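Chemist: give me a 3D structure for the following:
(chains A, B, C and D)
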There are 2 protein chains.
Amino acid sequence: MTDKTKNNSLNITAVDSSSLVDKVEQTLIDLLISEKLNPGDQIPKELELTEMLGVSRTVIREALNRLKTIGLIESTKRKGSTIKSPDLLFLLKKSLIPNILDQATLKDIFELRLVIEIGMSDLIYNRATPEDIAELEQIVATEPDSPKEVLFDVDHEIKFHGKLYQISGNHTLIDFQTILLPAFRYVYDSGMIESPAHDSKWVSHQDLVKILKDGNPNKFRNAMRKHLDRHFKGYFK
Amino acid sequence: MTDKTKNNSLNITAVDSSSLVDKVEQTLIDLLISEKLNPGDQIPKELELTEMLGVSRTVIREALNRLKTIGLIESTKRKGSTIKSPDLLFLLKKSLIPNILDQATLKDIFELRLVIEIGMSDLIYNRATPEDIAELEQIVATEPDSPKEVLFDVDHEIKFHGKLYQISGNHTLIDFQTILLPAFRYVYDSGMIESPAHDSKWVSHQDLVKILKDGNPNKFRNAMRKHLDRHFKGYFK
DNA sequence: TTATTGGATTATGTCATACATAATGCGTTT
DNA sequence: AAACGCATTATGTATGACATAATCCAATAA
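Modeler: So this is what the prediction gives:
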């Protein structure tokens, strides 16, 4: 028995099991923050970092590669790496592969859609131009007659609601929708969402457009809530 | 003059300027999708991939490292790499360094907060337990008297609204808030947001709790809208 | 027999070195 | 002055070696 095995009662601190790359990555991120670097600024060359941090170029490169992956830096030959304003949503897109997400997360995402579409009513109401409304009217004009059909015409559903996102004028939101689309489609297709019959208070796309035109923000928001009610029904009961 | 310079009018296809790592990364992602791999499944070893794709281990490793960064895989020694259900928000956290985001994106994010908090009213109303309400009441009880002070007590503001997110029960949403917090704080601190005086219709935290207790979903949603009105005012006018 | 120990094995993690390639600047040539 | 070739620089790729953690398995000791 060596000495080591006796040290059970000592207050040993848990060893840091993270890899070198992990550490260097964090060090670099901390650097970006503490140095208050702005987009366009340069960061040290790989070889300089190698010396500064005392690790091999391989490790430096892997860490830089991660920052590149999350969009924090950009590298070009001869020039080195420069800070970049990351495209938040670009990242999500890559990792959002529906069949890899677990059911709970997929449900969360679908719910998030409902939350967003209700919440953005105010943006829509305040920013819709006459042209936007005309376009919405045209979309509605081409939709299937029976509301039951509309329900299952996912493409049309996406077309109408997609236009709404666009009207919101919030680019983060617009990108968000684009990215979440595969997940929505997956949820629709997988039958996770029930589609109860509409009751008398059902608000159609057409109704929505009418209210957007002649109503007020409150009316529109509440109408949007009713429009999405069939989805909510699946959650609350 | 060589022949090359004359080829102006030809339909030449743009050369693919992406790096080898870029290509391998995409190839691997495509593989994950087409093979319908599930979390827990193994992917080929680095050396196997080296042979399969005909590139060096360096390139394979850098590509795998990227997948690791976006949370799609996980690797352990001797075992190799396995598919993982990515934590969508974990990613955002890393890249959300406020001083690196541009103003427009920051504004988008703040707006997104408003959208979400209004939209999640229905979740809150339907999921709040008596204990939740009691907790909210306690939070409100400890808040500064003057509404003007409350406005600038960002910590308190975050405490109250944070609890609301928690009540929503949507984990993606909860994580989202946690992650966006630094950006909110940044926006508050930077004075990007104006804070107009409240008009007569101002809805306080206390009012919100009361309505959550005794009102109905519609009332609560509209109250939340009014509560956030001072922020909206900065956008629409 | 059972538990422990100590290799042997395997696949990722790290290091070192060399060369390829793109971008840039500079001096030479025409 | 424009075009060309050459040197330079920093990232991109390839290769070989060794370190390290996880795992299996056989030999050994209780």
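Chemist: how confident was the prediction at the closest residue in space to A:Ser121 that isn't next to it in sequence?
Modeler: Using CB to CB, 6 or more residues apart in numbering or on different chains and skipping the chain neighbours, the partner closest in space to A:Ser121 is A:Arg221 (3.9 Å). For the C-beta atoms, the positions are set from N, CA and C on the backbone; glycine is no exception. Predicted confidence (pLDDT) for A:Arg221: 94.
Chemist: got it, and A:His205?
Modeler: 91.
Chemist: so how far is DNA strand D from it?
Modeler: 47 Å (CB to the nearest atom of the strand, to the nearest Å).
Chemist: what does A:Glu51 give?
Modeler: Counting by CB to the nearest atom of the strand, the gap from A:Glu51 to DNA strand D is 12 Å.
Chemist: repeat for A:Lys159
Modeler: A:Lys159 is 39 Å from DNA strand D, by CB to the nearest atom of the strand.
Chemist: who's in contact with A:Ile167?
Modeler: A:123-124, A:127-128, A:132 (CB atoms under 8 Å, 6 or more residues apart in numbering or on different chains).
Chemist: okay, and it sits in which element?
Modeler: Using DSSP states H and E, A:Ile167 maps to helix A:154-168.
Chemist: and that helix, what's its mean pLDDT?
Modeler: 90.
Chemist: same check on stretch A:185-201?
Modeler: 65.
Chemist: quote the end-to-end distance of that stretch.
Modeler: 26 Å (CA to CA, to the nearest Å).
Chemist: go on, stretch A:208-220?
Modeler: 7 Å.
Chemist: the residue nearest to A:Ser121 is in contact with B:Arg221, isn't it?
Modeler: Yes - A:Arg221 is within contact range of B:Arg221, at 7.1 Å (criterion: CB atoms under 8 Å).
Chemist: excluding sequence neighbours, find me the nearest residue to the most centrally placed residue in chain A.
Modeler: The C-alpha lying nearest the average C-alpha coordinate of chain A belongs to A:Phe176 (CA atoms, centre = their mean; 4.5 Å). Distances taken as CB to CB, 6+ apart place A:Leu89 nearest to A:Phe176, at 6.1 Å, with adjacent residues excluded.
Chemist: so who does that neighbour touch?
Modeler: If you count contacts by CB under 8 Å, 6+ apart, then A:Leu89 has A:172, A:175-176, A:178-179 around it.
Chemist: retrieve the pLDDT associated with it.
Modeler: Per-residue pLDDT puts A:Leu89 at 73.
Chemist: and if you look at A:Gln177?
Modeler: 86.
Chemist: doesn't A:Thr82 fall inside a strand?
Modeler: Yes - assessed by DSSP: H, G, I helix; E, B strand; the rest coil, A:Thr82 belongs to a strand.
Chemist: residue boundaries of the helices in chain A?
Modeler: All helices of chain A, identified by DSSP state H, fall at A:20-34, A:46-53, A:57-69, A:88-95, A:103-119, A:121-127, A:130-141, A:147-152, A:154-168, A:171-190, A:205-214, A:217-227, A:229-233.
Chemist: and the ones you listed, which one averages the lowest pLDDT?
Modeler: Ranked by mean pLDDT, the helices of chain A bottom out at helix A:147-152, which scores a mean of 52.
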